[in-house]
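Novice: Using only what follows, build the 3D model:
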Amino acid sequence: MKLLIVNPNISDSVTDLIRAEACRAASPGVELTVLTAPMGVAYIETRAEAAVGAYATLNLLAEHHSGHDAAIVAAFGDPGLAAAREMLPIPVVGLTEAALMSAAMLGGKFSIVAISRRIRAWYQETVDFHGMSGRLASIRCIDEALADIGTVQTDKAEQLLSLCEVAVNADGADVIVIAGAPLAGLARTIADRVPVPVVDGVSSAVRHAESLAALGPRPARAGSFAPPPVKAWRGLPDALGRLIGRQ
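Specialist: Numbers count the residues shown, from 1 in each chain. Next up is the predicted model:
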């Protein structure tokens, strides 16, 4: 089995974190292709940045999906996920979606612990999109500048752990979702110090992608995720243009 994992931001240090956690989570024999967006921002906090990340993600998926059994959008917020599902003939999984589905099977209410207050609106909208807002206890965030996105989980370890504790004790969370690729692997580090299950988006996405690939679902030929209709296109990278235009 081969999985394609795309980091929608330009931070190679974050891609390294994604790759490390994906390797820990993947089943024996599963091959991983992990790519970094060649354009965009260091990390995604806003709707505008998510739109840029979605475009970068779709380009990489279009160019590299061939030969893979499933793909993963490796940013919390899942930029470009729905569009990728329309276009690609293989299952596509997002970090948020995978983490939320894992959390739903581990408890009732869940809280999201994130790295930035600005990110809250986008995360809330993503939870709403996935139909899980009724089970969201809270979104707790670090509220200070980040010196280095690649080291935030070590630089802010105690603050992040404190946010988890507040989410459990004050917000009533049954499960903690650690949000964002820059925090990939943190759930393993703090699991013994948090009194409820802690879910990581990367490991959840890898395992869900493996399951979907193993199930071998046929691509949609009708409904809202059927492939886009054939039409003329201009100015797009060739791989993306051919996939969108079905040419």
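
Novice: so what pLDDT did the spatially most central residue of the chain get?
Specialist: Centroid check for the chain by Cα atoms, centre = their mean gives Leu95 as the closest residue, at 2.3 Å. Note for Leu95: predicted pLDDT of 94.

Novice: now the strands for the protein?
Specialist: Counting by DSSP state E, the chain has these strands, from start to end: 2-7, 31-36, 70-73, 92-94, 110-114, 136-141, 175-178, 198-200.

Novice: In CSV, list the ones you listed along with distance to Thr151.
Specialist: For every residue, glycine as well, the C-beta is placed using N, CA and C. Converted to CSV, the strands of the chain look like this (distance: least, Cβ to Cβ, whole Å):
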stretch, distance to Thr151
strand 2-7, 16
strand 31-36, 17
strand 70-73, 23
strand 92-94, 25
strand 110-114, 16
strand 136-141, 18
strand 175-178, 16
strand 198-200, 17
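
Novice: residues in contact with the residue nearest to the centre of the chain?
Specialist: Leu95 sits next to 72-78, 180-181, 201-202, 204-205 when contact means Cβ atoms under 8 Å, 6 or more residues apart in numbering.

Novice: Out of the residues you listed, show me where the pLDDT dips lowest.
Specialist: Ranking the contacts of Leu95 by pLDDT puts Gly180 at the bottom, with 85.

Novice: could you give me the average pLDDT of stretch 31-47?
Specialist: Averaged over stretch 31-47, pLDDT sits at 93.

Novice: the helices in this structure, which residues?
Specialist: Secondary structure of the chain by DSSP state H: the helices cover 12-25, 47-64, 81-87, 95-104, 120-129, 152-155, 157-169, 186-190, 201-215, 238-245.

Novice: which one of those helices is the most hemmed in?
Specialist: By mean neighbour count, with neighbours taken as mean count of other Cβ atoms under 10 Å, helix 95-104 ranks first of the helices of the chain at a mean of 24.

Novice: Could you list the low-pLDDT ranges of this protein?
Specialist: Scanning the chain for pLDDT under 70 picks out the ranges 147, 247.

Novice: Quick check: which of the helices of the chain is nearest to Asp143?
Specialist: When the helices of the chain are compared by Cβ to Cβ, helix 157-169 sits nearest Asp143, at 9.0 Å.

Novice: Quick check: bridge partners of the closest residue in space to Arg120 that isn't next to it in sequence?
Specialist: Counting by Cβ to Cβ, 6 or more residues apart in numbering, Ile139 is the residue found nearest to Arg120 once chain neighbours are left out, at 5.2 Å. Beta bridges link Ile139 to Ile112, judged by DSSP bridges.
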